[in-house]
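> sharing a sequence plus its predicted fold:
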Amino acid sequence: MEGSQAVAATVAMCRPEVICAYPISPQTHIVEGLSAIVKRGDLAPCEFINVESEFAAMSVAIGASATGARTYTATASQGLLYMAEALYNAAGLGLPIVMTVANRAIGAPINIWNDHSDSMSQRDSGWIQLYAESNQEALDVHIQAYRLAEQLSLPVMVCMDGFILTHAYERVDLPEQEQVDAFLPPFEPRQVLDPDDPVTIGAMVGPEAFTEVRYLMHARQMQALDAIPHIAEDFERSFGRPSGGLLRTYRADDAETVIVALGSVLGTIEEVIDDLRDEGASIGAMAVRCFRPWPIDEIREALGRAKRVVVLERAFAVGVGGIVGQNVRLALSGLPVAIHDVVAGLGGRPITKRSLHRLFSEALADELDPARLTFLDLDHERVERELRRMQDVERSGPHAASFLRDVGGAGARPR
Amino acid sequence: MPYQQIKFYQAGSFVVGNRLLDPERRTVQADGERSNTLTSGHRACQGCGEALGARYALDAAMRATAGKLIATNATGCLEVFSTPYPESSWQLPWIHSLFGNAPAVATGVAAALKAKGRTDVRVVGQGGDGGTVDIGFGCLSGMFERNDDVLFICYDNEAYMNTGVQRSGATPPAARTSTTQPVGDEPGNVFGQGKSAPLIAMAHEIPYVATATVADLRDIEHKVQHAMELRGARYVHILVTCPLGWGCASADSIKVARLAMETGLFPVFEAERGEVTSVLKIRRRAPVEEYLKLQRRYAHLFGKEPRSEVIARLQERADRNIRRFGLVDEDTVEEPGGVSAQESESVGSAVDEESNATRLLEERH
């Protein structure tokens, strides 16, 4: 079935009591699915609210969660940015909201296709971030996410690649309602708005205590590093398949070169690794499944014996370089490991086996410059031409228009 | 035998003395069992209209719901002065999330209560004019449009007071704020801008919209109580004096709010499903100068060179409101300089006063 529909069916089995939704591609099919489930009466009691913005979606989720309801929403891209203020607030208030992010690029230029720029931009918001490699894992991780969120009283973002996963038809094992009920106890909030026991939530905190409050938030998120593996083990016992966890390695134990990535691209990476292994290369992979909190010790353990690490990311920090790469450097600091940052698959550009094979071969041959940010499949010629034009022409105009002229596409006009 | 004459009206107003009423008609605040929802010890300024308005509004809502009430609060003065960590003045479950999302948070609370079958517990959202008519307006409109079971109360002091008196969409023309200085050709806030949140609320055709001022606290109580008897989206917009931002004496807080109503600059009315159902009539019509002169935010209109043309434009606005909402009945109005309320209470017998009190209440409510 379609990834989004499978997620919708699974989320419904988690029995959320309030779902709020604002449409943005490629998240729409998930909330459409849930809307139908609620409207049919298959999920009750549950309030499904069509809100007027993502900012409102997260705000409704905040109110509902603070009133003790299990709460769900989903978003992507610009929508995630539009709710950014409320994301930090939900995390600061310690509200166990679970949200799916159907990963998509951020504009300008506007682009509806997949990369990780959206969720990466909110990496410091205080949300736990889990990345799914497949639709099956996405389902499983949603169930685990509720258990994790409510155990720690922290919000959890389940990130799954937009279109690549959300719109992919794959065979999945849908859990049974009884299994989910057994795994996921009813929500017992740590704090709740209740007239019988009135509390003030969200009071102002000044310099005298703000540091301590933020420290506690950090400490609580770090507890997820212990909780996530336990929940994953428990999940495997209950559902009979491994899923989730902090990270996963593939043929990496003895590998000199390890490829690090997040999300659905791991499948392609593993195929290329198999090919290269057949050719005699010592290469493996590591999937980061939990990006926040950053499992620094586990990653040092997993990558510490490698000679070189290639971090392949679907996002980057403009003006600096790799985001995950910087975190990997932190984990491997002091170790003699060469770390390469590679940006790939931005705005839905396919990451092909051929390109990866070439990239990994270059890495194996020490042809990648660790000091330089590598962009996979970048059209160097076209970029150079545009850079020259920007230098030559003072009012050089938007890049998109220039590129269009360059390729002679629609709207092209003689210069 | 010495005796004390019972005054029927409070000084300078038409507010009926509480002690003359039957117990069930007395104010919520007169009730020894009142909830003190916003209790003492908070950090509001002297004469703060918002603290007063919030106290009366929420105590009335608490009484109407038998104490089963949850409040969401936008960022702003009310939030800051009531919850300096680790203290809180709130005697009800209360949540502050952000500046612009109090209506949406209230929607979330209402949705959770509905899902849990706790529809006996009700929700009030509240914020200042900035959090309501500006940054929170999208969430407010969404809440209205979905007819979520939320009463939203705006405490309108006509500018961003918490950040230092900057202009908002509710700032009236000519008013000086720290971003509309009294300089240039058109000193203060310009004409032709701003919005009426109550009228926009009415356009959503929600069950109930009302305006009120802190000059008539019984009116606030009545409107909030009525709002809590209804379900769906409800909006009460209360004009609250800000002595700091308006530059008026703390002791004049009520007087200034009353003049806002009596000039017609702030029409006090109720509406249901988009139709005006009642207005609070002006019984002593005051010229706008009387209101403006008490406030330093309008001082630039009365300097060495009085800006009579600006004052005339403000008078036009007041007159338009009076026409538009029918705020003046010729048979009840007392012309400025005519018989004052205080004088009128010395005439007439006690019997007349009693019936007059009942008539007044009926007229209003």
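Ah, there it is. Numbering: from 1, shown residues only, chains lettered A, B, ... in the order given.

> okay, now the unreliable bits of chain B?
Chain B contains residues with pLDDT under 70 at B:6-18, B:331-365.

> by proximity to chain B, which residue of chain A wins?
Nearest residue of chain A to chain B (CB to the nearest CB) works out as residue A:63 at 2.4 Å. The C-beta positions use only the backbone N, C-alpha and C, and glycine is treated the same way.

> next, the buried residues of stretch A:344-351.
A:344, A:345, A:346, A:347, A:348, A:349, A:351 (16 or more other CB atoms under 10 Å in any protein chain shown).

> off-centre distance for it?
Computed by CA atoms, centre = their mean, to the nearest Å, the chain-centroid distance of stretch A:344-351 equals 15 Å.

> that stretch spans what distance, first to last residue?
By CA to CA, to the nearest Å, the extent of stretch A:344-351 from end to end equals 7 Å.

> got it, and stretch B:81-89?
9 Å.

> that one near chain A anywhere?
Yes: Stretch B:81-89 reaches chain A (CB under 8 Å from any CB of the partner chain) through B:83, B:84, B:85, B:86, B:87, B:88.

> swap in stretch B:46-55?
No: Stretch B:46-55 does not reach chain A (CB under 8 Å from any CB); its nearest approach is 14.3 Å.

> PyMOL command to pick out the buried ones of the residues of stretch B:81-89 next to chain A?
Per 16+ other CB under 10 Å, the buried members of those correspond to this PyMOL selection:
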select buried, chain B and resi 83+84+88
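
> would you mind listing what in the stretch 151-300 of chain A touches chain B?
So the stretch 151-300 of chain A meets chain B at A:193-195, A:197-206, A:208-209 (CB under 8 Å from any CB).

> go again with 7 Å.
A:193-195, A:198-206, A:209 (CB under 7 Å from any CB of the partner chain).

> which residues touch residue A:205?
A:213, B:85 (CB atoms under 7 Å, 6 or more residues apart in numbering or on different chains).

> just to revisit the earlier point, confirm the residue of chain A closest to chain B sits in a strand?
No: Residue A:63: not assigned to a strand; according to DSSP: H, G, I helix; E, B strand; the rest coil it is helix.

> assess the claim that it and residue B:106 are in contact.
Yes: at 6.2 Å, residue A:63 counts as touching residue B:106 under the criterion of CB atoms under 7 Å.

> what residues are shared contacts of these two?
By CB under 7 Å, 6+ apart, the residues touching both residue A:63 and residue B:106 are residue B:72.

> my guess is residue A:169 meets residue A:1, correct?
Yes: between residue A:169 and residue A:1 there is a contact under CB under 7 Å: 6.5 Å.

> the two: which has the busier surroundings?
Neighbours of residue A:169 and residue A:1, each counted by other CB atoms under 10 Å in any protein chain shown, are more numerous for residue A:1; the result is 14 against 11.

> next, count neighbours for residue B:294.
Residue B:294 sits with 17 neighbouring residues when counted by other CB under 10 Å.

> what sits against it?
Counting by CB under 7 Å, 6+ apart, residue B:294 touches B:248, B:252, B:256.

> recalculate using a threshold of 10 Å.
By CB atoms under 10 Å, 6 or more residues apart in numbering or on different chains, residue B:294 lies in contact with B:241, B:246, B:247, B:248, B:249, B:252, B:255, B:256, B:259.

> sec struct for it, please.
Residue B:294 - assigned by three-state DSSP - is coil.

> and it, how far from chain A?
Distance, residue B:294 to chain A, using CB to the nearest CB, to the nearest Å: 32 Å.

> you'd agree residue A:158 is in a strand?
Yes: per three-state DSSP, residue A:158 lies within a strand segment.

> before we move on, the earlier item: return the subset of the residues of stretch B:81-89 next to chain A lying in helices.
In this view, the residues of stretch B:81-89 next to chain A have no member that belongs to helices under DSSP state H.

> just give me the closest of the residues of stretch B:81-89 next to chain A to residue A:313.
Closest approach to residue A:313 among those (CB to CB): residue B:85, at 39.1 Å.

> check contacts around the closest one.
With CB under 10 Å, 6+ apart, residue B:85 has these contacts: A:200, A:203, A:204, A:205, A:206, A:208, A:209, A:210, A:213.

> distance check, it against residue B:78.
Using CB to CB, to the nearest Å, we find residue B:85 at a distance of 16 Å from residue B:78.

> also residue A:153?
Separation of residue A:153 from residue B:78 (CB to CB): 27 Å.
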